[in-house]
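3D model of this:
(one chain, ligands or ions: 1)
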Amino acid sequence: MEIEELYQEVILDHSRRPRNFGELPDAAVRVHGDNPACGDEIHLAVKFDAGGGLEDIKFTGRGCAISQASASLMTMKLKGKSRKEAVEMLHAFHDLVTNDAGDASKPLGDLRVMKGVRNFPQRVKCAMLPWRAVEQAFEQGAGEATVSTEPT
Ligand code: FES
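Sure, this is the predicted structure:
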C-alpha cells in the first residue's frame with residue numbers, strides 16, 4: 001500500500017468513527033468553532049487538570065472528513081498533555097499543514113497523516129478548525145467562546 005493510501009485510510013477511519021466524540025458535562029471551557037466558507041462546525045469541550053493541562057477533551061459537530069478526522073486525531077493526541085506540550089503541538093501541526101519544513105522530527109506521530117492538506121489551501125482551514133478551537137480554549141480558560149477560520 002502506498003503511504004498516501006494509508007494516510008487516506010486513517011483519515012477516513014477517523015472521520016467515520018471519530019474518537020472522543022461526545023459531550024463533556026463537566027467541561028471548563030466550550031468553544032464553538034466554525035468555518036463560514038462551508039458552514040461546518042465543531043463544538044469543543046475541555047476540562048483542565050490542576051496544572052492547567054488537558055485532563056479531558058471531547059468534541060461534537062459536523063463537518064467534512066478532514067475536519068472531523070483532524071478533531072479526532074487531535075483529541076487523542078492532546079488528552080493528558082500539559083498546556084506547554086499542547087501549544088508546541090499546535091505550532092508543529094500548523095507547520096506540518098502549511099509548509100514543507102514542517103515535518104522534521106516534531107512530536108506529531110499520527111497527526112502526520114494530515115500532511116497532504118498543505119497542497120490544498122481550503123483544506124488547511126478544515127484541518128486547523130479544531131486546533132483553532134483548542135487554542136481559543138486555552139486563551140479563554142473558562143466559560144464559552146466562539147472562533148472562526150476566517151479573520152473577523
Ligand atoms: Fe468545511 Fe472542511 S469543508 S471544514
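
So which residues of this protein form helices?
3-16, 65-78, 83-98, 121-140 (DSSP state H).

Return the helix or strand in the protein with minimum mean pLDDT.
Within the chain, no helix or strand scores below helix 3-16, which has a mean of 90 by mean pLDDT, DSSP states H and E.

Quick one: residues in contact with that one.
Applying CB atoms under 8 Å, 6 or more residues apart in numbering, the contact partners of helix 3-16 are 1, 64-66, 68-69, 72-73, 110, 112-116. Yep, even glycine has a C-beta here, placed from its N, CA and C like the rest.

Kindly calculate the angle that that helix makes with helix 65-78.
80 degrees (axes from the mean of the first three to the mean of the last three CA atoms, to 10 degrees).

ok, now which ones touch residue 63?
Residue 63 touches 35, 38, 40-42, 71, 126, 129, counting by CB under 8 Å, 6+ apart.

could you redo the last one with a cut-off of 6 Å?
By CB atoms under 6 Å, 6 or more residues apart in numbering, the contact set of residue 63 is residue 40.

if I look at residue 150, how far off is residue 143?
23 Å (CB to CB, to the nearest Å).

typed the wrong thing, it's residue 132
For residue 132 relative to residue 143 (CB to CB), the value is 17 Å.

And for residue 135?
According to CB to CB, residue 135 and residue 143 sit 16 Å apart.

Tell me which of the two has more neighbours.
Neighbours per residue (other CB atoms under 10 Å) separate residue 135 from residue 143, with residue 135 holding more: 19 against 9.

quick one: the closest residue to that one other than its chain neighbours from residue 42, how far?
Once flanking residues are discounted, residue 135 sits nearest to residue 90: 5.9 Å by CB to CB, 6 or more residues apart in numbering. According to CB to CB, residue 90 stands 15 Å off from residue 42.

Look at those two and report which has more neighbours.
residue 42 (25 against 18).

contacting residues for that one?
Residues near residue 42 by CB under 6 Å, 6+ apart: 33, 59, 61, 71, 129-130, 133.

Need the per-residue pLDDT for it.
Predicted confidence (pLDDT) for residue 42: 97.

I am finished for the moment; much appreciated.
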